[in-house]
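Trainee: Got a sequence here, can you build the structure:
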Amino acid sequence: MDIVKIPRMEKKEYDKLIDKGYICRIAFQGEKYPYIAPFLYVFDGSFLYFLSTKYGKKLEYFRKSPYVSVEIERYSKDLSSFMFVTLQGYLEEVHDSIEKKMIREKFVDLIVDRDLSCNILAALGHSPEDPPAAIAKEERSLVWKLVGVKDLVALKNL
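Mentor: Next up, the predicted model:
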């Protein structure tokens, strides 16, 4: 019996997957085991950006080593179709105030345009009672950018 390999996606396909999505998982280098956490992200066509609260294990692991794997997936309810992309690179904290403001505004647009629950604001350092625009007005979170992608695996079902 031959093993069937999952086909690779073309760049156009995985760029579309990344562009249409907004939730990913990031695997950090933990003490003994990888530490995986879900994140909202925005994609500007070149880079993935993330907001991180200023506390927690993810921040501790980021400070020790910025090297991560980021995984974005999409699948149907019955798993008859699926696709995923995994990117290995490193996170860089964005310090430029103009770039941070622009990225924060992209997160506001994401939440508003996709009609996401304001409960997600708690994962970004804000109260769910805050308006999404508070993300762009206050710096309660860090802005990270995925750079130096050295490996990318993008697969889909047949």
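Trainee: For this protein, which segments count as helices?
Mentor: Counting by DSSP state H, the chain has helices at residues 11-20, 57-64, 97-113, 134-137.
Trainee: I'd like those as CSV, with distance to Gly45, mean neighbour count and mean pLDDT appended.
Mentor: C-beta: built from backbone N, CA, C; applies to glycine. CSV is the format used below for the helices of the chain (distance: least, CB to CB, whole Å; neighbours: other CB atoms under 10 Å; pLDDT from 0 to 100):
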stretch, distance to Gly45, mean neighbour count, mean pLDDT
helix 11-20, 8, 14, 94
helix 57-64, 24, 16, 95
helix 97-113, 11, 16, 96
helix 134-137, 20, 18, 94
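Trainee: Out of the ones you listed, which is closest to Tyr35?
Mentor: Nearest to Tyr35 among the helices of the chain is helix 57-64; the distance by CB to CB comes to 5.4 Å.
Trainee: which residues sit in contact with the nearest residue to Lys106 once chain neighbours are set aside?
Mentor: Using CB to CB, 6 or more residues apart in numbering and skipping the chain neighbours, the partner closest in space to Lys106 is Val42 (4.3 Å). Each residue near Val42 by CB atoms under 8 Å, 6 or more residues apart in numbering is listed here: 22, 48-49, 103, 106-107, 110.
Trainee: So for the chain, which residue is the most central one in space?
Mentor: Nearest residue to the geometric centre of the chain (CA atoms, centre = their mean): Tyr41, 3.8 Å.
Trainee: That residue bridge partners, please.
Mentor: Legend: beta-bridge partners of Tyr41 under DSSP bridges are Phe50.
Trainee: who touches it in this structure?
Mentor: Contacts of Tyr41 (CB under 8 Å, 6+ apart): 21-24, 48-50, 70, 72.
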